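1. okay, sequence plus prediction incoming.
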Number of protein chains: 2
Amino acid sequence: MTATTWVPGAAGSTHDVDHLPWGVFTRTDSDDAPRVGVRIGDFVLDLAPVAAADVRPETQLFEAATLNPLMAQGRAVNAELRQWITDLLTVPSERGDVEPHLVPLDEVTMHMPVEVGDYVDFYASEHHASNVGTIFRPDQEPLLPNWKHLPVGYHGRSGTVVPSGTEIVRPLGQRKNPSDPAPVFGPSGRLDIEAELGFLVGTPTSLGERVAVADFDDHCFGIVGLNDWSARDIQGWEYVPLGPFLGKSFATSISTWVTPLAALDAAWVDLPGQDPEPLPYLSLEDSDRPGGLDIAVEVVLNGHVVSRPPYSSMYWSPAQMLAHMTVNGASVRTGDLWASGTVSGPVREERGSFLELSWGWREAFPVGDDERIALEDGDEVVLRYTAPSVSGGRIALGEVSGRVLPARIG
Amino acid sequence: MTATTWVPGAAGSTHDVDHLPWGVFTRTDSDDAPRVGVRIGDFVLDLAPVAAADVRPETQLFEAATLNPLMAQGRAVNAELRQWITDLLTVPSERGDVEPHLVPLDEVTMHMPVEVGDYVDFYASEHHASNVGTIFRPDQEPLLPNWKHLPVGYHGRSGTVVPSGTEIVRPLGQRKNPSDPAPVFGPSGRLDIEAELGFLVGTPTSLGERVAVADFDDHCFGIVGLNDWSARDIQGWEYVPLGPFLGKSFATSISTWVTPLAALDAAWVDLPGQDPEPLPYLSLEDSDRPGGLDIAVEVVLNGHVVSRPPYSSMYWSPAQMLAHMTVNGASVRTGDLWASGTVSGPVREERGSFLELSWGWREAFPVGDDERIALEDGDEVVLRYTAPSVSGGRIALGEVSGRVLPARIG
């Protein structure tokens, strides 16, 4: 990083010019339609008027209400736009024209950044999958036989992916304890989080096309924080044999800021190791970068950090997930979202769900002076993410927050 | 039905004015953008110019490339449009203005009728679920404990829902027989069909809203034929614990014609019976019509009828599926699609999948002078559907066809 930004307070922060996450915003005091901005320091740069003044062809991309048109432009255009924005924010002579279009963060409302096509959720943490297996099937091998051969995943509900800040109404549904004679209906009593990362498709593919592991960068636009809210009691009753459904489909929250892949160039690290060697279509050998991401996650409940899951502990890489998802010829669309599954590290303080933190609801865990086994009405969860930046500092990815509201009965 | 259509050949056919399915078409010899038409006899009525000549406000709905804007209008507008079209096609004085806009079916290309939001696939046939259970778990109860308490379902991939006629490339993937030491990669050797019905959402809901069983008609716009292509060997290896994924996501075919709910008023029949009584939110008691649909399905393989599954044998009603899908507050969007799951009747000749017809790939079944256990390259499957019409005859719902192409290796 040679250039220094002129934006007050941004240089050396978690939102320096080495980050530049994308989002969709409105000025809180305006009736404007939502449009595209980029974050620098504690400001949003309102790109449409700046691009219009420069007579740039991308102006209409920035006037869109979602990032999808921008994401569809592909890697080369996005790299050029990143350079243009970096120049705007670092070349002193640009300041006069650009500074009037910096809007303080506390004067904007952030919106859903993308129109999500399909949403796929993986299960890529060995520690999480092992914990869940041990809790639910204590007498068996914690991992099922397929787990180390393919990144296990399933489709979730894209229509209920909501932006950070959306309040989460406790879902109603059927549940049945093994000792109950019949299922009962009511509010979930085991509401949980899943601390995850989400990956967004930029460049789409055609039906029948496969994305090789090495082509990940050509198709992945960027990364969001993601909380896959889960009603464990509903899920536990419904999920055989076709997988989770209503226990997950009521809400999935994502960050309103999308960190471009280029901002994570310094965050790639080797995976912990894969044994057995995956089949050739999942091999990382032809890829020019390692498969892991050194992203630190914090789970904050009512203001208290209750867990610090390390994304670097994940077993499967996001590039392997994309290669697997398309190996059968399934196409991807701009705006498709796939998520990592719960991020859990090897020790208790690194578990990414309440199911694990309470070890199957058996041991309350501390939350400041309070304690929890599952989410209670009024609880607020914030997921925070940081990663090494290309200039040697750290960037803070978009956080994901949500507060639990009581069930709507009747 | 009092009025008789003036359209040549249409009166008394499976596409009389008591049917009027919607579709999206282009004239084969034109470069026009796809737009909305309605089928009458062996013609497509090109609605946009007729509506424009009538100076109707719906003209732009008919100029759309999908049915979604029309579907979003809601039940009252759609009922009025149905009456308007019926008048056009039955009042003799309309003939002069309307007939020039009838395009013979063999001069049009049909397109994907809707932009699908979320796609959910249920598993609502007791015979199918019992057959699958018996084949895969011969020593256990065929139905899992939750099956009669809730309509089991899961999310499928909406981006690979394709229109009838789309060729289906045999998917590649991992599979592992229990006796194999490790999974192998290659073309699926157990490619299968699932003969289903699909239901389309017209009027959307908000996050947190529930659709009662009795409100089905307010939200369901119409019905399509649906073939949920399945690679059983891929599915068998991947599906625990999160459900089917790549074994299904390569393609789901739907009919290009959408039969409006109003055309099925005479097709509703009682369900075979539900025991135990479902929980109140799934009760049919407050609904003013029975839960079953008397739709006859034919599975045609390479020109030979190989099965005749009766939709009337389904255990769960489509209204119960919609109520279940939204009971946790999950919203639905215009264009969301949910499917019934494989339709299988109680006897062998009524099974809706090759898995069942071959009883777990053990017994080849006859196809004319040939036989099959699973789909072979070059095979063509056509699903046909008929139902009683309100005028005492029968309507033929949109058929679903697809031919299998060899896997693309390398």
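-> Nice, thanks for sending it over.

2. now do the phi/psi pair for A:His111.
-> With angles defined as degrees, to the nearest 10, A:His111 sits at phi -120, psi 180.

3. and it, how far from B:Arg210?
-> Look at A:His111 and B:Arg210: by C-beta to C-beta, to the nearest Å, they are 26 Å apart. For glycine as for every other residue, the C-beta is placed from the backbone atoms N, C-alpha and C.

4. strands of the stretch 51-200 of chain A, residue ranges please.
-> Listed in chain order, the strands of the stretch 51-200 of chain A (DSSP state E, counting those that start in this stretch) span A:102-104, A:108-110, A:119-122, A:153-156, A:161-163, A:168-169, A:172-175, A:184-187, A:191-192, A:195-201.

5. I would like the residues contacting the second one, please.
-> It refers to strand A:108-110. Strand A:108-110 is contacted by residues A:23-28, A:37, A:44, A:163-165, A:256-257 when judged by C-beta atoms under 8 Å, 6 or more residues apart in numbering or on different chains.

6. can we see that at 6 Å?
-> Contact with strand A:108-110 is made by A:23, A:25-28, A:44, A:256, as judged by C-beta atoms under 6 Å, 6 or more residues apart in numbering or on different chains.

7. circling back to that earlier point, B:Gln274: which of the strands of the stretch 51-200 of chain A is closest?
-> Checking these against B:Gln274 by C-beta to C-beta gives strand A:172-175 as the closest, at 14.8 Å.

8. ok now that closest one, how far from the chain's centre?
-> 27 Å (C-alpha atoms, centre = their mean, to the nearest Å).

9. for the stretch 301-410 of chain A, just list every one of the strands.
-> Ranges of strands in the stretch 301-410 of chain A, per DSSP E, counting those that start in this stretch, are A:304-307, A:337-339, A:365-367, A:370-372, A:380-388, A:394-396, A:400-405.

10. so which elements touch the first one?
-> What it means is strand A:304-307. Under the contact criterion of 3 or more C-beta pairs under 6 Å, 6 or more residues apart in numbering or on different chains; DSSP states H and E, strand A:304-307 touches strand A:296-301.

11. pLDDT of the strand it packs on, averaged?
-> Averaging pLDDT along strand A:296-301 gives 98.

12. what's the closest non-adjacent residue to A:Glu363?
-> A:Ile373 (7.7 Å; C-beta to C-beta, 6 or more residues apart in numbering or on different chains).

13. so how far is A:Asp294 from A:Met321?
-> 18 Å.

14. before we move on, the earlier item: which one of the contacts of strand A:108-110 is nearest chain B?
-> A:Thr256 (16.7 Å; C-beta to the nearest C-beta).

15. residues touching the closest one, list them.
-> Shown in contact with A:Thr256 (C-beta under 6 Å, 6+ apart): A:23, A:110, A:113, A:163-164.

16. out of the residues you listed, who's nearest chain B?
-> So of those, ranked by how close each gets to chain B (C-beta to the nearest C-beta), first place is A:Pro163, at 11.7 Å.

17. what packs against the helix or strand hosting A:Phe221?
-> Assigned by DSSP states H and E, A:Phe221 belongs to strand A:220-227. Applying 3+ C-beta pairs under 6 Å, 6+ apart, one finds that strand A:220-227 makes contact with strand A:195-201, strand A:252-254, strand A:259-260, strand A:380-388.

18. since that was my last question, I'll sign off now.
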